[in-house]
Structures are given as structure tokens and as C-alpha cells.
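Q: Sequence first, predicted model second:
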Amino acid sequence: MQGKTTQQAAGGWLAQALPGFGVIFGALWLLHLPLLRLPYFWDEAGYFIPAARDLLLTGDLVPHTTLSNAHPPLVMLWLALVWKLTGYSALVTRTAMLLVASWGLTALWLLGRRVASSGTAAAAVLLTALSPTVFSQSAMAQLDIAAFALVLWTLYAHICGKRWQAVAFAALAALAKETTVAVTLTLAGAELLGWFADRWWPEQAARWCLPQRGPSWRRLTQCGAYLLALLPLAGWYAYHFHR
């Protein structure tokens, strides 16, 4: 376990992730192949596609061909970048979202291996990918699948002890969908609870799955770091309000 943790700390998680990501994306893309040219519908047509196209054509983060609802712009930025590089079409859009979904399922696979076994991880990925909600959202130009992916990467980095990577993923998750701050605040609260446990109830810390992490001030630092992940979203709202 120590060797595995050391390898991950050195960046070995990326080497583990890429092969799994390739397999997951290939399988997910083939499963969605009959659906990749479907026209945009629901909130795709009403907001997210117009907002991303406005960004592509004008470079403006605030859409002007549809009423802005203040959703953070990360998914629209992603779509505008992909369209800029490869062209604008439903096929490109849905493939771009499948890339995001596959990256999230890769995090789920790594998470499953970390806390259980390779078999459990594979089963979790398969059942999640085929569940109706995830399957339908995976190719849609909406915010949910990006939030799904970035929250899973936040949790994976957190349990691996890569706090600053977890903070970065949490910040990106908030810029994908604002409701992911619930996860960020939960992780900050867990670190704060751990600080209280270390300070006043050390014998209870292990029972609460809050093992010692060195000096107690480190937990407060990590709690504050998770709160810092909220700043990009706050900056977006300030910019949107100003505009």
C-alpha cells in the first residue's frame, strides 16, 4: 500500500488513468454511435449551445443570443475550444461531452480500485455508464456530466492525500456547475471535524475515519484550502453581476 501511495504521489495516477480512459471512451463512443448526430434539444438548444456559440464567435463569457442565467462558463469554454479546433457540429459536440464523461468514469474506476478491487471498479464503471441518467447525460451539452467528472476526480485526489490537486479539481467543478460546492464544503467540514477530533477526542479520530495527519494546524490549512476552491466561482458571479 505504501509503494502504491508513493507511486501515485509521484504522478503515477496519470499513467494508470490514460489506458483506462482510452478503453472507456472507445466503448462509450461506440455505445452512443447511433445517437451522436441527434439534434440539440431541451436546455441544450435553449441555453448551453447558444451560450457556447456566442463564446466561440465573440469571445464573450456572457451570452447575448439567449438570456443569461449566470451558470459558470467552464462547459461552454470547453465546447467553444473543441469547435474552434475541429469545427461546429452535433457530432463534434457530443463526442466532446463523451470525452468528459469518460474522464469522469476513469476517476470512478481509479476510485473503485483504491477503496475496493479491480473487479469492483470495473463493475461500478459498467453499471454507472449504463444507468439511464448517466448514459443520456454523457453525450448532452449540459453541465451535469462535467460536474460528475470533476467531483469524482476531487474525491479521488482527496482520498489519495493529494489535497492541492483535490482543491484544483473542486475549483474546476464549481466552474462547471455551482451546486458542486456542496461537495467542497463537505470536504472542508470533514477536515474541520478532524481538527476538532485531533485536538479534543484523539481516541475517536480513527473510529470516525479521521486518522492523524501530522500537526493539527495542517487540518485547518486543508480546510482553508478547500474554501479557497470557492473563490473562482465567487469571481465568476462578481464578473457576471458587473456585466
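A: Cool, got the structure.
Q: for this protein, where's the lowest mean pLDDT among helices and strands?
A: helix 2-7 (a mean of 45; mean pLDDT, DSSP states H and E).
Q: And the following helix or strand past that one, how far out from the chain middle?
A: Proceeding N to C from helix 2-7, the next assigned helix or strand is helix 13-31, under DSSP states H and E. In terms of CA atoms, centre = their mean, to the nearest Å, the centre of helix 13-31 is found 16 Å from the chain centre.
Q: ok, and what's touching helix 13-31?
A: The set of residues external to helix 13-31 that reach it, using CB atoms under 8 Å, 6 or more residues apart in numbering, is 36, 95, 98-99, 101-103, 105-107, 109-110, 125, 129, 135, 138, 156, 160. All C-beta spots, glycine's among them, are computed from the backbone N, C-alpha and C.
Q: avg pLDDT for stretch 95-108?
A: Taken as a whole, stretch 95-108 has a mean pLDDT of 97.
Q: so what does the longest helix seen in the chain touch, helix or strand wise?
A: Assignment by DSSP state H gives helix 90-115 as the longest helix of the chain. On a contact count with 3 or more CB pairs under 8 Å, 6 or more residues apart in numbering; DSSP states H and E, helix 90-115 meets helix 13-31, helix 74-86, helix 118-130, helix 132-138, helix 144-159.
Q: Check what pLDDT Leu91 gets.
A: 96.
Q: Quick check: nearest residue in space to it, chain neighbours excluded?
A: Nearest residue to Leu91, sequence neighbours excluded (CB to CB, 6 or more residues apart in numbering): Leu36, at 5.1 Å.
Q: Need the pLDDT of the one you found.
A: For Leu36, the pLDDT comes out at 93.
Q: so it makes contact with Ser138?
A: No - Leu36 is beyond contact range of Ser138, at 11.0 Å (criterion: CB atoms under 8 Å).
Q: Comparing those two, which residue is more hemmed in?
A: More neighbours surround Ser138 than the other of Leu36 and Ser138, with 26 against 16 (other CB atoms under 10 Å).
Q: quick one: contacts for that one?
A: Shown in contact with Ser138 (CB under 8 Å, 6+ apart): 28, 32, 97-98, 101, 129, 145.
Q: Point out the most buried one among the helices and strands packed on helix 90-115.
A: The highest mean neighbour count among these, using mean count of other CB atoms under 10 Å, belongs to helix 144-159: a mean of 24.
Q: Check the burial of the residue nearest to Tyr239 when sequence neighbours are not counted by counting its neighbours.
A: In this structure, Tyr239 finds its nearest non-sequential neighbour in Leu61, 7.3 Å apart by CB to CB, 6+ apart. Residues near Leu61, counting by other CB under 10 Å, number 18.
Q: roughly how far apart are Leu61 and Leu85?
A: Going from Leu61 to Leu85 by CB to CB, to the nearest Å gives 19 Å.
Q: cool, and Pro63?
A: From Pro63 across to Leu85, the span is 21 Å (CB to CB).
Q: One more: Phe148?
A: Phe148 is 24 Å from Leu85, by CB to CB.
Q: same thing with Ala27?
A: For Ala27 relative to Leu85 (CB to CB), the value is 24 Å.
Q: go on, Trp29?
A: From Trp29 across to Leu85, the span is 18 Å (CB to CB).
Q: need the contact list for the most centrally placed residue in the chain.
A: Of all residues in the chain, the one closest to the mean position by CA atoms, centre = their mean is Leu150, 0.7 Å from it. By CB under 8 Å, 6+ apart, Leu150 lies in contact with 104, 169-170, 172-173, 176, 180.
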